[in-house]
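1. here are the coordinates; sequence isn't available:
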């Protein structure tokens with residue numbers, strides 16, 4: 001357990017405590033920041049008030065980007081792996097609410 005660290009990420013006005021390896025921290029923090037920016041943009045542009053709806057729309061946009069990327073490259077690249085990890089994290093937290 002000594003190679004794991006504990007962090008807290010704020011996504012859609014909720015704090016998620018995570019235990020991760022140190023090499024994941026930067027990408028998770030950057031992903032959480034991107035999600036936060038996209039959710040705020042969606043709330044402003046579409047007057048959506050339900051956080052679950054906003055997160056679903058955000059996940060859909062990221063999934064669409066991933067599909068486009070996979071279609072264009074016909075093979076999985078490092079950025080698409082990170083998008084998949086992000087989608088899995090979002091789906092995990094959405095399924096608990």
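-> All right, it came through fine. In this text, all values refer to a predicted model and were calculated from it rather than measured experimentally.
2. What does the pLDDT read for residue 77?
-> The model reports residue 77 with a pLDDT of 57.
3. Then the one 5 residues further on?
-> Per-residue confidence at residue 82 stands at 81 (pLDDT).
4. in what helix or strand does it lie?
-> Using DSSP states H and E, residue 82 sits in helix 78-95.
5. for that helix, which positions count as buried?
-> Neighbour-count burial for helix 78-95, counted by 16 or more other CB atoms under 10 Å, picks out 80, 83, 86-87, 89-90. Where you see a C-beta, it was placed from the backbone N, CA and C, and this is true even at glycine.
6. Look at residue 54 and give its secondary structure.
-> Taking DSSP: H, G, I helix; E, B strand; the rest coil as the rule, one finds residue 54 in the helix state.
7. residues in contact with it?
-> Residues in contact with residue 54 (CB atoms under 8 Å, 6 or more residues apart in numbering) are 12, 39, 42-43, 48.
8. nearest to residue 94, of these?
-> residue 12 (9.7 Å; CB to CB).
9. For that closest one, list the residues it contacts.
-> Counting by CB under 8 Å, 6+ apart, residue 12 has contacts 35-36, 39, 51, 54-55.
10. re the thing from before, residues making contact with the helix holding residue 82?
-> So helix 78-95 is in contact with 11, 14, 16, 27-28, 31, 35, 52, 55-56, 58-59, 62-63, 65-66, 69-70, 73, going by CB under 8 Å, 6+ apart.
11. Would you format the contacts of residue 12 as TSV with pLDDT included?
-> Shown next, in TSV, are the contacts of residue 12 (pLDDT from 0 to 100):
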residue	pLDDT
35	92
36	92
39	90
51	87
54	91
55	91
